[in-house]
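Visitor: Generate coordinates for the sequence data below:
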Amino acid sequence: MNAEVNLDFGRAARTGFSEVIYCPGKSDGQLSLIAQEIARRREEESENESTLFSRVTPEQHEIITRHLPDAVFHERARITGVGTRGGRHYRGVAVVTAGSGDVPVAEEAAVTAEYMGCEVKRLYDVGVAGIHRLLARLPDLREARAIVAVAGMEGALPTVLGGLVSCPVIAVPTSVGYGVNFGGVAPLLTMLNSCALGVTVVNIDNGIGGGYAAATIVRQIYERQG
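Guide: Model (predicted):
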């Protein structure tokens, strides 16, 4: 490998899922080396584990597919996925957004969970500004075993969900909002100060972190049940 690129191929064995490649800031050459090394590993060692490239541009996807022609670009999620999307189909992940503007971050969460083998229920644009929309989906929400709640503006959605469901709620603040939203800091602080128990928070726009956490929870439930 090039001195600038050192992939962690043992991560799947340790944690249950392979390393996610964060693409912003990587040069075309670095990205090409990474894709080439993943392709070599898959061919020589017959490894077909799913690999995700996050925050991918269309131009970066083209570089990846030169070495990994089966890679799939999920445009709204800004993810390039290599390998099987799905698998054992663990059920119980729900991804919920406050508004339509939060969907790109929500899709990052949903696609991540799907590549980790989970079935994902998407409930979009059901924020507390029209709370009847959220209450109408209570049956779906109460079937979930982990919920990713994605919200910008004031970020109230996870707190409301935390008072309605018995499963963990992973709150994902987004940078969607007007001036004093401060690029997502306002909803982040709301979520961190939530009075609802069972709510935990990842960083601003970190859909992949929210989806990964929810998928890990659901997978462990199934694995412990045998």
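Visitor: When you work out contacts or count neighbours from here on, use the C-alpha atoms and nothing else.
Guide: Noted.
Visitor: show me where this structure has strands.
Guide: 20-22, 51-54, 72-74, 79-82, 90-97, 118-123, 146-151, 169-173, 199-201 (DSSP state E).
Visitor: Show me the one of these that comes nearest residue 7.
Guide: strand 20-22 (9.0 Å; C-alpha to C-alpha).
Visitor: neighbouring strands for that closest one, and are they parallel or not?
Guide: Partners of strand 20-22 in the sheet, by DSSP bridges, are strand 51-54 (parallel).
Visitor: outside of the strand it pairs with, which residues touch it?
Guide: Outside of strand 51-54, the residues within contact range by C-alpha atoms under 8 Å, 6 or more residues apart in numbering are 18-23, 78-83, 112, 208.
Visitor: ok, back up a step: could you dump the strands of the chain to CSV with distance to residue 187, mean pLDDT and mean neighbour count?
Guide: Listed next are the strands of the chain as CSV, based on distance: least, C-alpha to C-alpha, whole Å; pLDDT from 0 to 100; neighbours: other C-alpha atoms under 10 Å:
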stretch, distance to residue 187, mean pLDDT, mean neighbour count
strand 20-22, 24, 93, 17
strand 51-54, 23, 94, 22
strand 72-74, 26, 96, 18
strand 79-82, 24, 94, 24
strand 90-97, 13, 95, 26
strand 118-123, 19, 95, 21
strand 146-151, 7, 97, 32
strand 169-173, 5, 98, 31
strand 199-201, 10, 97, 21
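Visitor: May I see these organised as TSV, with distance to residue 8 added?
Guide: Shown next, in TSV, are these (distance: least, C-alpha to C-alpha, whole Å):
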stretch	distance to residue 8
strand 20-22	10
strand 51-54	12
strand 72-74	22
strand 79-82	16
strand 90-97	25
strand 118-123	23
strand 146-151	27
strand 169-173	26
strand 199-201	26
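Visitor: just to revisit the earlier point, which one of the contacts of strand 51-54 is nearest residue 68?
Guide: residue 82 (7.5 Å).
Visitor: which residues does that closest one contact?
Guide: 50, 51, 52, 68, 70, 71, 72.
Visitor: okay, residue 14: pLDDT?
Guide: With respect to pLDDT, residue 14 has a value of 87.
Visitor: For this structure, which segments count as helices?
Guide: Assigned by DSSP state H, the helices in the chain fall at 11-15, 28-45, 58-67, 103-115, 131-135, 138-143, 157-162, 185-192, 207-225.
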